[in-house]
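>>> predicted model follows, preceded by the sequence.
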Amino acid sequence: MEKSANRFIWHYVKIFKWALLMLTACVIVRQVANTIEPYFLAKIYNTVIEKQGSDNYWNEVIFYAGIMAIITLSATLISEASMFIVARFVPKIKTIVIKDVFEDVNKQSISFFTNEMTGNISHKVGLLANNTTDFLNACFEVLHMVTRVLATIAVLTWVSWYYTLFVIIWIAIVVLISCKLGEIRRNCSRESGKMSSAANAVIVDSISNYSEIKSFANFKFEKINLLKSLRQLRRAETREKKIMGWIRIAQQLVSILSLVAFVFFSIFMLKIGKTDTTQFIYVNTVFLNSSYLAFQMSWIYNNISKMYGNVVSALDTLAVDPEIVDKKDAKVLKTKKANIRIKDVTFGYQNRNKLFKCLNVDIKAGEKVGLVGLSGSGKSSFVKLISRYYDIDSGSIMINGTDIRDITQESLHKHIATIPQDVCLFNRTLLENIRYGNVDASDRQVEVAAKKAFADIFIKKFKDGYKTKVGDRGIILSGGERQRIAIARAILKNAPILIFDEATSALDSQSETHIQQSLKNLMKGKTVLAIAHRLSTLREMDRILVFDKGKIVEKGNHDELLQKNGLYAKLYKMQVDGFMGNQI
């Protein structure tokens with residue numbers, strides 16, 4: 001995505017250049033016709049005043065009226081043609097902008113989404129799409145007016161270069177005032193845009209976590225938090241409105257003074273014989289229209305400044321380089337067996353001390369490895385590095401001998417199925433949520449996966465069955481039901497690497513018994529990494545890695561680690577005694 005607002009907008013101008021050129025041609029022809037039209041009206045007035053009662057009086061009036069009617073009809077048809085072009089292409093531009101921005105945002109690294117609030121991101125996407133299309137529309141409005149003003153200058157030059165000199169001085173004054181005030185408004189618009197996004201983000205964040213607000217009875221706190229953002233938004237928008245008021249006053253004053261000055265100037269030109277009656281009527285009619293257009297043009301210019309400021313504000317948030325990108329020659333991973341080797345890995349999050357230093361682990365294809373440790377010991381970071389959610393500082397992580405940095409991220413993620421503790425579901429049907437594991441799967445395959453995960457039991461209880469919408473983040477389902485959907489997804493995906501983050505933690509004992517057998521079948525031939533909070537679930541693991549402050553301090557299976565009487569045995573005993581739960 002282009003970081004510069006100019007290059008970003010120009011990118012879409014080039015895509016639709018032929019449509020925009022046709023629209024430009026329509027605008028120019030229409031405005032030239034609109035400028036010529038008053039001349040024949042002036043000729044009619046002059047004929048009525050000077051030739052009334054002559055032999056060819058009506059012939060001249062009808063002739064000039066006919067020409068004026070033809071010009072007016074042509075201008076109207078061209079105007080309608082331009083509207084059809086706008087109706088055909090402007091919505092298309094908007095959808096393409098949204099599609100492109102959506103693709104770029106989804107290429108971002110996970111740190112982008114942890115640093116930015118979801119509501120702010122979604123607001124900026126809409127802001128960017130709307131203001132890009134509005135900016136292009138406004139530019140064509142300006143083109144209408146600029147063409148009309150240039151045509152006016154040409155007409156006035158034809159009558160007398162004195163008029164041209166007057167108009168050039170007048171335009172210079174309007175442009176200088178508009179540019180100066182537009183720059184002030186653009187800065188105000190950027191600030192109000194930021195404040196609007198911040199307030200929107202607070203609203204989305206509160207709505208997304210409404211259950212927490214209710215459970216902690218913190219509605220007043222959230223209201224105060226929102227009011228702080230709204231106060232900042234109000235101050236920014238109030239300042240912008242005040243600036244707009246001064247802009248309107250300045251524009252009105254310039255327009256009125258220029259119109260009065262031009263009328264007196266044209267009277268003077270008529271008096272000294274430099275202008276005849278037809279030209280007097282014509283130039284005053286043309287200038288009156290142009291004076292209004294100049295005011296409108298400067299007004300639209302200020303709106304363009306606001307739109308441009310919003311585009312800049314949105315790009316400041318969205319147009320950032322992803323921290324993790326594929327190499328140009330990155331390979332597509334294709335394997336059914338995955339051997340993982342972590343060699344001399346050093347890693348630390350930004351602005352933090354190093355979590356891992358020279359970490360070395362070998363995991364054979366088909367091996368089931370459990371990960372244990374206190375909160376913050378490095379378990380989750382370990383699996384995130386294998387998924388390449390973050391890049392390591394040094395060392396290498398290899399799958400079947402190939403560094404994951406030499407593999408496309410998409411193909412890497414297709415070979416990893418994750419069953420998290422906190423399952424994320426889309427506000428879609430149960431069928432669509434399970435099929436997310438393999439979007440090409442048939443309905444029958446989805447149902448088979450659901451049965452293997454024992455999700456079919458509760459799905460059939462819903463009136464609409466698999467067609468039931470689960471609500472925002474799966475709100476209509478219990479924690480255990482959401483986990484069974486996640487397990488069904490993993491079954492359907494059938495990836496060679498499985499990552500479990502306490503996949504059965506939200507299940508009741510009866511459901512867990514059924515699920516454990518399904519997981520055993522699922523894990524056959526797969527390389528498994530299981531983060532466990534309930535250590536009793538690790539009995540089936542081939543090997544257990546015990547983490548402490550970023551180091552692997554113990555290795556072995558469940559029984560071997562208990563015999564060592566080290567950290568694992570201590571954690572296990574404390575959990576059995578009921579002193580520790582999900583702290584590990």
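Cool, got the structure.

>>> how about stretch 244-254: buried residues?
Residues of stretch 244-254 classed as buried: M244, I247, A250, Q251, V254 (neighbour count, 16 or more other Cβ atoms under 10 Å). Quick note: C-beta positions are derived from backbone N, CA and C, even for glycine.

>>> pLDDT weak spots in the stretch 51-200 of the chain?
Applying pLDDT under 70 to the stretch 51-200 of the chain picks out residues 51-55, 57, 117-119, 178, 181-182, 185-186.

>>> show me where it has helices.
For the stretch 51-200 of the chain, applying DSSP state H, counting those that start in this stretch gives helices covering 57-106, 110-115, 118-159, 161-208.

>>> with distance to G479 and mean neighbour count added, can I get those helices in CSV?
Formatted as CSV, these follow (distance: least, Cβ to Cβ, whole Å; neighbours: other Cβ atoms under 10 Å):
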stretch, distance to G479, mean neighbour count
helix 57-106, 27, 15
helix 110-115, 23, 13
helix 118-159, 21, 19
helix 161-208, 17, 18
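
>>> mind putting those helices into CSV with distance to K469?
Shown next, in CSV, are the helices of the stretch 51-200 of the chain (distance: least, Cβ to Cβ, whole Å):
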stretch, distance to K469
helix 57-106, 22
helix 110-115, 24
helix 118-159, 20
helix 161-208, 17
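
>>> and T346, which of those is closest to it?
Among the helices of the stretch 51-200 of the chain, the nearest to T346 by Cβ to Cβ is helix 110-115 (17.9 Å).

>>> that older thread, quick one: which of the buried residues of stretch 244-254 is nearest R489?
The closest of the buried residues of stretch 244-254, once distances to R489 are taken by Cβ to Cβ, is M244, at 51.9 Å.

>>> count the neighbours of I552 for me.
Residues near I552, counting by other Cβ atoms under 10 Å, number 19.

>>> just G273 next, same as before
Neighbours of G273 under the rule other Cβ under 10 Å: 7.

>>> go on, A417?
So A417, with other Cβ under 10 Å, has 23 neighbours.

>>> if I've got this straight, it is in a strand?
Yes - counting by DSSP: H, G, I helix; E, B strand; the rest coil, A417 is found in a strand.

>>> tell me which residues are up against stretch 315-322.
1-5, 8, 101, 104-105, 107-109, 112, 116, 120-121, 124-125, 128, 197 (Cβ atoms under 8 Å, 6 or more residues apart in numbering).

>>> can you check stretch 4-24 too?
Contacts for stretch 4-24 (Cβ under 8 Å, 6+ apart): 1-2, 82, 85-86, 88-89, 92-93, 96-97, 132, 135-136, 140, 143, 308, 311-312, 315, 319.

>>> quote the end-to-end distance of it.
25 Å (Cα to Cα, to the nearest Å).

>>> can you tell me the SS state at N427?
coil.

>>> which residues does it contact?
K469, V470, G471, D472, R473.

>>> distance check, it against T157.
Per Cβ to Cβ, to the nearest Å, N427 is found 63 Å from T157.

>>> go on, S411?
Taken as Cβ to Cβ, the span from S411 to T157 is 66 Å.

>>> S4 now?
From S4 to T157 the distance is 38 Å (Cβ to Cβ).

>>> tell me the centre residue of the chain?
Residue closest to the average C-alpha location in the chain (Cα atoms, centre = their mean): V125, at 2.4 Å.

>>> domain parsing for the chain?
5-318, 364-380+408-576 (automatic domain parsing).

>>> ok, the residue nearest to A330 when sequence neighbours are not counted - how many residues close by?
Excluding the flanking residues, the one nearest A330 by Cβ to Cβ, 6 or more residues apart in numbering is T408, at 4.6 Å. Using other Cβ under 10 Å, T408 is surrounded by 15 other residues.

>>> double-check T408 against D329; I have them as touching.
No - the criterion here is Cβ atoms under 8 Å, and T408 misses it with D329 at 10.2 Å.

>>> mind listing the helices for the stretch 301-450 of the chain?
Assigned by DSSP H, counting those that start in this stretch, the helices in the stretch 301-450 of the chain fall at 379-386, 409-414, 430-435, 443-452.

>>> hey, which helix is longest across this structure?
Ranked by residue count, the top helix of the chain under DSSP state H comes out as helix 219-271.

>>> which elements pack onto that helix?
helix 161-208, helix 277-318 (3 or more Cβ pairs under 8 Å, 6 or more residues apart in numbering; DSSP states H and E).

>>> distance between the last one and the chain's centre?
Its chain's average C-alpha position is 29 Å from that of helix 277-318, according to Cα atoms, centre = their mean, to the nearest Å.

>>> specify the angle between that helix and helix 161-208 in degrees.
30 degrees (axes from the mean of the first three to the mean of the last three Cα atoms, to 10 degrees).

>>> so where is the stretch 201-350 of the chain shaky, pLDDT-wise?
208, 210-212, 214-216, 291-299, 302.

>>> correction: the stretch 451-584 of the chain
Ranges of the stretch 451-584 of the chain meeting pLDDT under 70: 503-515, 517-518, 536-537, 577-584.

>>> all strands for it, in order.
With strands called from DSSP state E, counting those that start in this stretch, the stretch 451-584 of the chain shows them at 497-501, 527-531, 543-548, 551-556.

>>> make CSV from those strands and add distance to K343 to it.
Formatted as CSV, the strands of the stretch 451-584 of the chain follow (distance: least, Cβ to Cβ, whole Å):
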stretch, distance to K343
strand 497-501, 18
strand 527-531, 17
strand 543-548, 15
strand 551-556, 14
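
>>> now for those, which one comes closest to K337?
Per Cβ to Cβ, nearest to K337 of the strands of the stretch 451-584 of the chain: strand 527-531, 7.7 Å.

>>> elements contacting that closest one?
So strand 527-531, by 3+ Cβ pairs under 8 Å, 6+ apart, packs with strand 368-373, helix 379-386, strand 497-501.

>>> can you list those in a markdown table and add distance to A172 and mean neighbour count?
Below are the helices and strands packed on strand 527-531 laid out as a markdown table (distance: least, Cβ to Cβ, whole Å; neighbours: other Cβ under 10 Å):
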| stretch | distance to A172 | mean neighbour count |
| --- | --- | --- |
| strand 368-373 | 72 | 24 |
| helix 379-386 | 60 | 21 |
| strand 497-501 | 67 | 24 |
